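K.L.:
okay, structure incoming, though there's no sequence with it:
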């Protein structure tokens, strides 16, 4: 179950600003990836027609919390990783 929270109270809390993250242990289940959030979405699915502009805009997984072998689906982000 994936639940997205839009509560203004939560969004202004310390937990929202600095959530406790753990490194991912493996790639996501393709059923769970989101073109609006996942930096590797295009490695698992094609972007929906008209949503290709989301490539390179994802935030998950956060840098330094990627699973082993993680590869972003955006060439410009891949280049940034090696600078």
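P.N.:
Thanks, I have it. Keep in mind that this is a model prediction, so the values were computed, not measured.
K.L.:
give me the mean pLDDT for stretch 71-81.
P.N.:
Mean pLDDT, stretch 71-81: 78.
K.L.:
against residue 52, how distant is residue 63?
P.N.:
Taking C-beta to C-beta, to the nearest Å as the measure, residue 63 falls 23 Å from residue 52. To be clear about C-beta, it is placed using only N, CA and C from the backbone, and glycine gets the same treatment.
K.L.:
now do the helices in this protein.
P.N.:
For the chain, the helices defined by DSSP state H cover 8-11, 14-17, 75-81.
K.L.:
and residue 56, which of those helices is closest to it?
P.N.:
helix 75-81 (5.8 Å; C-beta to C-beta).
K.L.:
ok, residue 25 touching residue 66?
P.N.:
No - assessed by C-beta atoms under 8 Å, residue 25 is found out of contact with residue 66, at 10.6 Å.
K.L.:
and the end-to-end length of stretch 32-51?
P.N.:
Chord length of stretch 32-51, first to last residue, is 17 Å (C-alpha to C-alpha, to the nearest Å).
K.L.:
can you check stretch 44-62 too?
P.N.:
End-to-end distance for stretch 44-62: 18 Å, by C-alpha to C-alpha.
K.L.:
what do you get for stretch 23-37?
P.N.:
End-to-end span of stretch 23-37 (C-alpha to C-alpha): 16 Å.
K.L.:
tell me the contacts of the residue most central in space within the chain?
P.N.:
In the chain, the residue lying closest to the centroid (C-alpha atoms, centre = their mean) is residue 60, at 1.9 Å. By C-beta atoms under 8 Å, 6 or more residues apart in numbering, the residues touching residue 60 are 34, 37, 38, 39.
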